[in-house]
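Colleague: build me a model:
(one chain, ligands or ions: 3)
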Amino acid sequence: TDATGEKVVGLTAEAGTSSFLPGRRTTTWGFDGAYLGPTIVANRGDRLRVNVKNDLAEATTVHWHGMHLPAAMDGGPHQVVDPGETWSPHWRIDQPAATLWYHPHLHGETERHVMMGMAGMVILRDQQEAALNLPRTYGVDDIPVIVQDKRFDAQGQFTDSTRGFIGAIGDTLLVNGTVGPYLDVTTDVVRLRLLNASPARVYDFGFSDGRTFDMIASDGGLLAKPAPLRGIRLSPGERAEVLVRLTPGEKVSLRSTKPDLGLDGVTSGMNAGNDTLDVLQLRAGATLRPLGAMPTVLAPLERWSLGAASVTRTFDLSGHSINEQKMDMGRIDETVEVGTLEQWVVTNSMHAPHSFHVHDVQFQIANIGGSPPPPELAGWKDTVYLPPQTEFRLLMRFTDYTSRTVPYMYHCHLLTHEDAGMMGQFVVV
Ligand code: C2O
Ligand code: CU
Ligand code: CU
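Modeller: Residues are numbered from 1 along each chain as shown. Ligands and ions are numbered 1, 2, ... in the order given. Reported below is the predicted structural model:
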């Protein structure tokens, strides 16, 4: 924190090498290091400034996924940071405690930049969350779990040679940049902040013994109350915070089993839908520090009703287009009036998977094909998986920041689709 009370963070994009496989060095990119980047922790009310320096040999951007902030600070395709330059976005954190993340968003290059290793987590805290008895000691009982799938060529370099409709599919999982990871657990409950930072793969996270866990937060923050689950499907860009209980001395693995992609078996198999993969082994100590009873009520959540929305927009995802148009950086697709409750009707009319992500806002899923969302999708979301032939009705309200000239993005978060133009631009006025 500097003299003006602003919290200042430095983030340097750089190239380097990392060791994932025995006896091999892999060329990677990262922030303040060779792979991934530091976790940024901030409190609601903080004024944050990030000095993003680009020491790469090519241009990139840094987007704050899930963050409510002015469009000029958003780090989308218009906020290019050229090699050798520093870009210093700044804004006031004003949204609930949540797990967000940052990653490049250079138009047409997002998949490649993310796959090289450019990503990091953001943890937002607030007083409401701080008042709850939840695990909150970073790296001890509150654990970032950044999940990515990779494929290595014979020289040990990243390759995207195996691709489905969804994009590059890897056969080796990394958690926080580590192959074959484990966590020594010292408390009877751990909080895992799951982030799917893969370009394409959809996971269904659960545990190797099928145990129940409690999901406590979705993309935008705490659920109204814990949702007991055995599995949580996360498509690229989505997050979930989960609490898992352990008994002394046991070993159990976070595992991804076959996600329900809403595809037939063959198509699902071509799109990484038939894989079971161990993600992270939890190794409980011989004695575990008890954290006490976890809360049964988490956050007040006022559910909006569709009837309260005064504007309806429709988005049809098909081919690599939205409403039959490809991304054009010079075209504004939608103009939103600040403060209006909007209904966005989003449909994947193809037989291939897609997803939908909106910048600047956390939305509510009002219904999915006419039915209310399941508990894990009933909280604040900024990204949602769209199974084929399904209509989602989303409710959202853009507040505070307006600009007639600088747009925000909405897009499919399967990064190869985004790069191919499955993205549109909106301004808030
Ligand atoms: Cu995670 Cu527009 O991006
Ligand atoms: Cu985003
Ligand atoms: Cu898509």
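
Colleague: roughly how far apart are the residue of the stretch 251-400 of the chain found nearest ligand 2 and V244?
Modeller: For the stretch 251-400 of the chain and ligand 2, the shortest gap (C-beta to the ion) falls at H359, measuring 4.8 Å. In short, each C-beta sits where N, CA and C put it, glycine included. To V244, H359 is 31 Å away according to C-beta to C-beta, to the nearest Å.

Colleague: show me what from the stretch 201-350 of the chain comes close to ligand 1.
Modeller: G237 (C-beta under 6 Å from any ligand atom).

Colleague: re the thing from before, could you find the closest non-adjacent residue to the residue of the stretch 251-400 of the chain closest to ligand 2?
Modeller: The shortest distance from H359 to any non-neighbouring residue, by C-beta to C-beta, 6 or more residues apart in numbering, is to Y408 (4.0 Å).

Colleague: bridging residues for the one you found?
Modeller: F426 (DSSP bridges).

Colleague: when you give positions from now on, start the count at 9
Modeller: New numbering, starting at 9: the last item is Y416.

Colleague: correct me, but it touches D82?
Modeller: Yes: contact criterion C-beta atoms under 8 Å: Y416 and D82 qualify, at 6.1 Å.

Colleague: who has more neighbours, the two?
Modeller: Legend: neighbour count by other C-beta atoms under 10 Å for Y416 and D82, higher for D82 (27 against 24).

Colleague: now do that one, the pLDDT please.
Modeller: Looking at D82, its pLDDT reads 98.

Colleague: go on, A138?
Modeller: Looking at A138, its pLDDT reads 98.

Colleague: same question for T9.
Modeller: 76.

Colleague: and V435, by the same measure?
Modeller: Reported pLDDT for V435: 98.

Colleague: what's the distance between it and D368?
Modeller: Distance from V435 to D368, by C-beta to C-beta: 11 Å.

Colleague: got any residues that touch both of the two?
Modeller: Here V435 and D368 have A79, Y416 as joint contacts, going by C-beta atoms under 8 Å, 6 or more residues apart in numbering.

Colleague: in terms of neighbours, single out the busier of these two.
Modeller: D368 (26 against 18).

Colleague: and the closest residue to the more buried one other than its chain neighbours, what does it touch?
Modeller: Counting by C-beta to C-beta, 6+ apart, Y416 is the residue found nearest to D368 once chain neighbours are left out, at 4.9 Å. Y416 makes contact with A79, D82, G84, V366, H367, D368, Q433, F434, V435, V436, according to C-beta under 8 Å, 6+ apart.

Colleague: again, but for L19
Modeller: Contact analysis of L19 by C-beta under 8 Å, 6+ apart lists F39, D40, G45, P46, I48, V58, N59, V60, K61, V70, Y110, G128.
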